[in-house]
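Enquirer: Structure for this input, please:
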Amino acid sequence: MCMSEPPVPSVLAMLVCDQVIIDQQTKKKSLIGIFDNVNAFAFPTAVNCAVYAKLADAEGDYRFKVRLVNLKDEQLLGEMEVSAKVQSQVDPADMVIQLMGAVFPTPGKYEVQLYANDVYLGRVTMRAIQVKAPGAMPWQQH
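Expert: Take a look at the predicted model:
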């Protein structure tokens, strides 16, 4: 019996945040600390965050992959893969992937990319910005 490939989902929303809280009774998701800038006193810097994606037209078995890429040189900084089964195309599906210790080596522009079964679905861009330490004198900055 030949199994057909599941349909390629469409990304309705994709956000990076500090954490996602899922209510146990309602299964509603609360996205806490949505951001698109990573502010750091020094680089490299590591960040714990979550990627939330809402998908349409997904049904079947998927291998979802999230990749963090430095846009300056297209260097892959890390990736995480998770398998999931989506029951029905009727309702949008959503997913949360935790990225623990995502490292940003230098200030600049970065991209979080989402794939399903090795098909590119979408991205969200973010900037890593070096900020001055509170109370630091100008000569103390690196």
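Enquirer: Bridged to the residue nearest the centre of the chain, which residues?
Expert: In the chain, the residue lying closest to the centroid (C-alpha atoms, centre = their mean) is V51, at 3.4 Å. Bridge pairing for V51 (DSSP bridges) gives the partners V16, I97.
Enquirer: mind listing what it touches?
Expert: Taking C-beta atoms under 8 Å, 6 or more residues apart in numbering, we find V51 in contact with 14-16, 66, 96-97, 99, 112, 114, 124. Just so you know, the C-beta spots here come from the backbone N, C-alpha and C atoms, and that holds for glycine as well.
Enquirer: redo that, cut-off 10 Å
Expert: Applying C-beta atoms under 10 Å, 6 or more residues apart in numbering to V51 gives the contacts 14-17, 20, 64, 66, 68, 80, 95-99, 102, 112-114, 124.
Enquirer: And the pLDDT for it?
Expert: Note on V51: pLDDT of 96.
Enquirer: Then the one 4 residues further on?
Expert: The score at L55 is 96. That number is its pLDDT.
Enquirer: Remind me which helix or strand it belongs to.
Expert: strand 45-56 (DSSP states H and E).
Enquirer: pretty sure K85 is in contact with E59, am I right?
Expert: Yes - if you go by C-beta atoms under 10 Å, K85 and E59 touch, sitting 9.2 Å apart.
Enquirer: what's the overlap in contacts for these two?
Expert: 6, 93.
Enquirer: Neighbour count for the two, which is higher?
Expert: Comparing K85 with E59 by other C-beta atoms under 10 Å, the one with more neighbours is E59, at 15 against 11.
Enquirer: quick revisit: output the helix or strand following the strand holding L55 as CSV, restricted to C-alpha atoms.
Expert: Using DSSP H and E, the helix or strand that follows strand 45-56 in sequence is strand 60-70. This file holds the C-alpha atoms of strand 60-70, laid out as CSV (Å, rounded to 0.1, in the frame of the first residue of the first chain):
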residue,chain,number,x,y,z
GLY,A,60,-0.7,13.5,8.7
ASP,A,61,2.8,12.7,9.9
TYR,A,62,5.4,15.5,9.9
ARG,A,63,9.0,16.0,10.9
PHE,A,64,9.1,19.7,11.8
LYS,A,65,12.5,21.3,11.9
VAL,A,66,13.5,24.8,13.3
ARG,A,67,16.8,26.2,12.2
LEU,A,68,18.7,29.3,13.5
VAL,A,69,20.8,30.9,10.8
ASN,A,70,23.2,33.9,10.8
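Enquirer: Perfect, I'm done here.
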